[in-house]
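[1] no FASTA, just this:
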């Protein structure tokens with residue numbers, strides 16, 4: 001039996017991609033059925049599918065679905081396949097898993113330049129499935145490594161969403177808490193709401209409640225007081241890209257959490273698959289930061305705008321946490337410690 005997940009999957013006839021629309025959670029569990037590259041691009045751009053590992057899984061199956069509609073003749077098939085991969089890759093430039101998964105699919109095509117396009121389809125299907133299967137194993141391993149740090153009763157603060165729907169199963173940043181809960185362990189989790197798109201409020205809180213974990217939702221600007229009160233023993237967050245020196249891009253607001261944790265002497269850990277480590281990106285200064293629609297700040301979620309009409313807005317989707325603020329980077333291969341220029345490189349030896 002092949003591993004499957006409910007939030008990113010193929011249709012019964014495998015000609016479409018079906019995803020859980022994360023924009024509608026937690027009140028509405030709705031699915032989108034996608035068959036065109038334009039709708040798949042929009043699903044990534046609009047955050048209907050989100051979370052670095054989940055985007056990678058989505059990208060693999062998307063390319064398999066789209067390949068079925070491409071010209072049968074080579075090299076026309078090859079050209080359109082690469083063009084489509086580049087198009088999808090442009091939807092969210094910060095998350096490295098998107099480009100990583102697309103490159104894997106392109107390599108399948110490039111590895112066999114002579115076979116008919118139809119003969120490549122089963123291999124593309126297998127590669128997409130391999131991305132999913134590897135992610136499921138990765139989530140379990142990351143969760144086990146993270147859980148090894150925690151004691152019963154610990155308080156953990158997390159920012160944004162790095163749970164099951166952002167990955168395949170368990171998640172990364174909240175995977176240790178979910179795995180631990182399955183083993184009967186008890187934790188208290190503080191979930192930052194994560195303005196402006198409220199991934200912590202809408203998604204992380206929902207996932208933790210469904211897992212039976214004690215979760216308290218707080219506004220982003222309340223992180224300092226819960227740390228000062230002694231309620232937080234660890235900070236766990238996910239990541240979308242890790243530079244070679246250990247600088248890490250994650251949802252906007254993550255660097256502020258890390259600065260606060262440093263001030264209060266609280267260990268701050270990044271959890272993510274080794275596929276998010278980009279040794280070709282020297283430092284965080286080299287990471288392209290996506291900037292989103294200002295209306296997400298001015299009016300999203302409100303019945304009417306909550307800011308003056310025409311006010312300027314700055315709306316970066318991510319920020320970069322300096323490696324000096326990070327206690328460790330937890331991957332499926334273990335916990336990397338400073339100096340990250342050495343420990344991250346060892347992941348690929």
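    Arrived safely. Here the structure is a predicted model, which is why all the values come from computation and not from measurement.
[2] List the backbone torsions phi and psi for the nearest residue to residue 281 once chain neighbours are set aside.
    Closest residue to residue 281 apart from its sequence neighbours, by C-beta to C-beta, 6 or more residues apart in numbering: residue 243 at 4.5 Å. Where you see a C-beta, it was placed from the backbone N, CA and C, and this is true even at glycine. Here is the backbone geometry of residue 243 (degrees, to the nearest 10): phi -80, psi 170.
[3] next one: residue 236
    The phi and psi values for residue 236, taken as degrees, to the nearest 10, are phi -120, psi 120.
[4] Was I right to think it contacts residue 143?
    No. Assessed by C-beta atoms under 8 Å, residue 236 is found out of contact with residue 143, at 10.6 Å.
[5] Show me whatever sits in contact with both of these two.
    Residues touching both residue 236 and residue 143 (C-beta atoms under 8 Å, 6 or more residues apart in numbering) are residue 176.
[6] before we move on, the earlier item: tell me the contacts of the residue nearest to residue 281?
    Neighbouring residues of residue 243 by C-beta under 8 Å, 6+ apart: 249, 278, 281-284, 286-287, 323.
[7] Okay, now the unreliable bits of the chain?
    The model of the chain has pLDDT under 70 over residues 1-4.
[8] Tell me where it has strands.
    8-10, 17-20, 31-34, 155-158, 188-192, 214-218, 234-237, 241-243, 248-251, 268-271, 277-278, 318-321, 328-331, 334-336 (DSSP state E).
[9] By neighbour count, which bits of the third one are buried? Give me those.
    Translated: strand 31-34. The neighbour-count check on strand 31-34 (16 or more other C-beta atoms under 10 Å) flags 32, 34 as buried.
[10] Given that strand, what are its sheet partners and their directions?
    As defined by DSSP bridges, the strand partners of strand 31-34 come to strand 17-20 (antiparallel).
[11] Can you give the contact residues for the partner strand?
    Outside strand 17-20, the residues within contact range by C-beta under 8 Å, 6+ apart are 6-11, 29-35, 40, 43, 48-49, 58, 61-62, 65, 165.
[12] In terms of secondary structure, what does the longest helix seen in the chain contact?
    Secondary structure assigned by DSSP state H gives helix 117-147 as the longest helix of the chain. With contacts defined as 3 or more C-beta pairs under 8 Å, 6 or more residues apart in numbering; DSSP states H and E, helix 117-147 has these neighbours: helix 52-67, helix 96-110, helix 175-182, strand 268-271, strand 328-331.
[13] List the buried residues of it.
    Here helix 117-147 shows 117, 120, 123-125, 127-129, 131-132, 134-136, 138-147 as buried, counting by 16+ other C-beta under 10 Å.
[14] Next: stretch 17-36.
    By neighbour count with 16+ other C-beta under 10 Å, stretch 17-36 contains the buried residues 17-23, 25, 32, 34.
[15] With stretch 72-81 instead?
    Within stretch 72-81, the residues scored as buried using 16+ other C-beta under 10 Å are 74, 77-78, 80-81.
[16] How about stretch 316-334?
    Neighbour-count burial for stretch 316-334 flags 317-323, 325-332, 334 (criterion: 16+ other C-beta under 10 Å).
[17] Of these, just say which sits nearest to residue 220.
    Here the nearest of these to residue 220, counting by C-beta to C-beta, is residue 319; it sits at 12.2 Å.
[18] show me what contacts residue 59?
    Counting by C-beta under 8 Å, 6+ apart, residue 59 has contacts 88, 97-98, 101-102, 105.
[19] want to try JSON lines for the residues you listed, with distance to residue 272 and neighbour count as columns?
    Shown next, in JSON lines, are those (distance: C-beta to C-beta, whole Å; neighbours: other C-beta atoms under 10 Å):
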{"residue": "88", "distance to residue 272": "21", "neighbour count": "25"}
{"residue": "97", "distance to residue 272": "9", "neighbour count": "27"}
{"residue": "98", "distance to residue 272": "14", "neighbour count": "23"}
{"residue": "101", "distance to residue 272": "14", "neighbour count": "29"}
{"residue": "102", "distance to residue 272": "18", "neighbour count": "22"}
{"residue": "105", "distance to residue 272": "21", "neighbour count": "26"}
